[in-house]
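S.K.: What follows is a predicted protein model with its sequence.
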Amino acid sequence: MKKILVLCTGNSCRSQIAHGYLKQFAGDRAEIYSAGVETHGVNPRAIATMKADGVDISNHTSNNVSEYAGVDFDLIITVCDNAKERCPVFPSKAQKFHHNFPDPAKATGSEEQITAEFARVRQMIKEYCASFVKEQL
């Protein structure tokens with residue numbers, strides 16, 4: 001079973017969404033972790049946007065990457081440029097992947113516009129995760 005780490009800045013939105021989809025798509029073929037170079041708590045809008053697509057991430061926690069220093073990851077995915085630049089070096093054979101997704105937590109406007117931005121980013125991450133699982137697992 002492969003161990004996959006999804007890394008973002010605050011482990012609140014993008015990495016949490018990716019964690020949920022990777023877990024769904026990979027099933028028992030991978031153990032999924034997510035973390036941030038900081039911890040900001042799981043964004044309630046991320047939980048809501050995933051629930052709207054039938055994926056429950058309400059029990060996820062926001063973790064700092066240092067908590068996983070002893071885990072020998074096979075694959076590490078950074079989902080924002082900031083995390084890629086600040087990603088600590090893991091003494092492992094982990095293969096690294098990167099895709100910079102927009103941060104839906106920075107969306108502004110009406111409630112409908114913010115919800116739409118979360119859904120738009122969620123769809124981008126969902127498609128990436130589906131392809132990632134097909135190609136890497």
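M.R.: On my side now, so go ahead. Residues are numbered from 1 along each chain as shown.

S.K.: Could you measure from the residue of the chain positioned farthest from its centre over to residue 49?
M.R.: In terms of distance from the mean C-alpha position of the chain, residue 110 ranks first, at 25.2 Å (CA atoms, centre = their mean). Note on residue 110: its distance to residue 49, by CB to CB, to the nearest Å, is 16 Å. In short, each C-beta sits where N, CA and C put it, glycine included.

S.K.: worst-scoring helix or strand of this structure, pLDDT-wise?
M.R.: The weakest-scoring helix or strand in the chain, judged by mean pLDDT, DSSP states H and E, is helix 81-86 (a mean of 59).

S.K.: quick one: strands adjacent to the next helix-or-strand element following that helix?
M.R.: Beyond helix 81-86 on the C-terminal side, the first helix or strand identified by DSSP states H and E is strand 95-98. Paired neighbours of strand 95-98 in the sheet (DSSP bridges): strand 75-78 (parallel).

S.K.: So which residues of the chain form strands?
M.R.: For the chain, the strands defined by DSSP state E cover 2-8, 30-36, 75-78, 95-98.

S.K.: Rebuild those as TSV, extending it with distance to residue 14 and mean neighbour count.
M.R.: Listed next are those as TSV, based on distance: least, CB to CB, whole Å; neighbours: other CB atoms under 10 Å:
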stretch	distance to residue 14	mean neighbour count
strand 2-8	5	25
strand 30-36	9	22
strand 75-78	10	23
strand 95-98	12	14
